[in-house]
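Participant: got a predicted structure here, sequence first:
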Amino acid sequence: MNPSSPAVTPLRQRMLDDMRMRKLEPKTQAGYVRAVCKLAGFLQRSPDTATVEDLRRFQWHLVDQGTSPITLNATLTGLKFFFDVTLDRAELMAKMSPVRVPQTLPVVLSREEVARLIAAVRNLKHQTALSVAYGAGLRVSEIIALKVGDIDSERMTLRVERGKGRKDRYAMLSPVLLERLRAWWRVGHAQGKILPQGWLFPGPDPMDPLTARQLNRAIHAAAQDARIDKRVSMHSLRHAFATHLLEQKEDIRVIQVLLGHKRWRAALEVADIFRPHGPAWRNAQRGHLSLGQLKVMSAIEQCRSAALGGHVLRCEGCGTDQITYNSCRNRHCTKCQSSAAERRRGARQADVLPVGD
């Protein structure tokens, strides 16, 4: 989108300026503009003339079209920015709320399936990129942004610049992965594809990096050649990286740091054990658990998750959205009960008499 183009209306230009002022990512800006364009197409008039009833009918329209919950919530987020920030009419979106996103389990490949998948890739550049996704647990956006200078063979690390959340971090680099990267560098350098201090995985033009779509096409073709029936994507290799480390008894806190998660908990919670192992344990203990015990386990597993819904918190300063999930409010839940106990202690602190030394 070219802001200087005469086709850009003053309203769109104002929204683009608002987003650039807050330094939103280009993909975020494109998503917000796309959401407003959808509304304009539905209304067949300028989106700044929308009413509360128009927005309500638009959401019903998206639901009737079978729009996925993730896409629907992303559209509402873009509209919220448009009405709250650009138009300064927050009251129009006051009754619009995101929908609950189903909590699904990711596709996890076994070690044997990962080996078959990577071996089935015919292009050495794509094969090496897939090896980085599994060997270092990087996102596809982080892989295509790697440069030759990001490899530190002395410290055995990969430098990830401006990863998710615009944060830099270091990823692990195993000796096997380092040898694969060196093999690709020798071939790519000899062919003139890898420039000095250039992209580690360049596209057809060495000045441009490989795209995420090209890698996704490569992994889909490899899954078909390897006869893997699971629904595989580049993110599946990242899931496999974390799962296989967990199976090797690696500390979950270490895994969260390696994955570059923005927030991680200081210790495991009961829900972290119940969610992956609860169903199998309940099946083994069938007939020995009371209805009350089953309800408590179900509440703990769903607490602070998308299964119970939530709401979006927005920072007006930077435009960042954060989804806060609801609690189960079960008095036996360790998380809810500990929070309630902390509030009770705080409320009674003024009543407690000081104790001398």
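Facilitator: Ah, there it is.
Participant: for the helix or strand Glu53 falls within, which positions count as buried?
Facilitator: When elements are defined using DSSP states H and E, Glu53 is found to belong to helix 52-64. Buried residues in helix 52-64, defined by neighbour count with 16 or more other Cβ atoms under 10 Å: Leu55, Phe58, Gln59, Leu62. Quick note: C-beta positions are derived from backbone N, CA and C, even for glycine.
Participant: worst-scoring helix or strand of the chain, pLDDT-wise?
Facilitator: Of all the helices and strands that make up the chain, helix 334-348 has the lowest average by mean pLDDT, DSSP states H and E, namely a mean of 57.
Participant: isn't His126 up against Ala218?
Facilitator: Yes. Here His126 reaches Ala218: they are 4.0 Å apart, a contact under Cβ atoms under 8 Å.
Participant: redo the buried residues of helix 52-64 as CSV? Include pLDDT and distance to Leu178.
Facilitator: Rendered in CSV, the data for the buried residues of helix 52-64 read as follows (pLDDT from 0 to 100; distance: Cβ to Cβ, whole Å):
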residue, pLDDT, distance to Leu178
Leu55, 94, 53
Phe58, 94, 52
Gln59, 93, 51
Leu62, 93, 47
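Participant: farthest pair in these?
Facilitator: In the buried residues of helix 52-64, the most distant members under the criterion Cβ to Cβ are Leu55 and Leu62, with 10.8 Å between them.
Participant: and stretch 21-29, what's buried?
Facilitator: Of the residues in stretch 21-29, those buried under the neighbour-count criterion (16+ other Cβ under 10 Å) are Arg22, Leu24, Thr28, Gln29.
Participant: narrow the residues you listed to those in helices?
Facilitator: Thr28, Gln29 (DSSP state H).
Participant: nearest to Leu258, out of the buried residues of stretch 21-29: which one, please.
Facilitator: Closest to Leu258 out of the buried residues of stretch 21-29 is Thr28 (25.7 Å), distances taken as Cβ to Cβ.
Participant: the closest one and Thr49, how far apart?
Facilitator: Thr28 is 25 Å from Thr49, where distance means Cβ to Cβ, to the nearest Å.
Participant: and the residue nearest the centre of the chain, what's its pLDDT?
Facilitator: Relative to the mean C-alpha position of the chain, the nearest C-alpha, by Cα atoms, centre = their mean, is the one of Lys164, at 8.1 Å. According to the predicted model, the pLDDT of Lys164 comes to 74.
Participant: isn't it up against Leu138?
Facilitator: No. In this structure, Lys164 sits apart from Leu138 without contact. The criterion is Cβ under 8 Å, and the distance is 10.4 Å.
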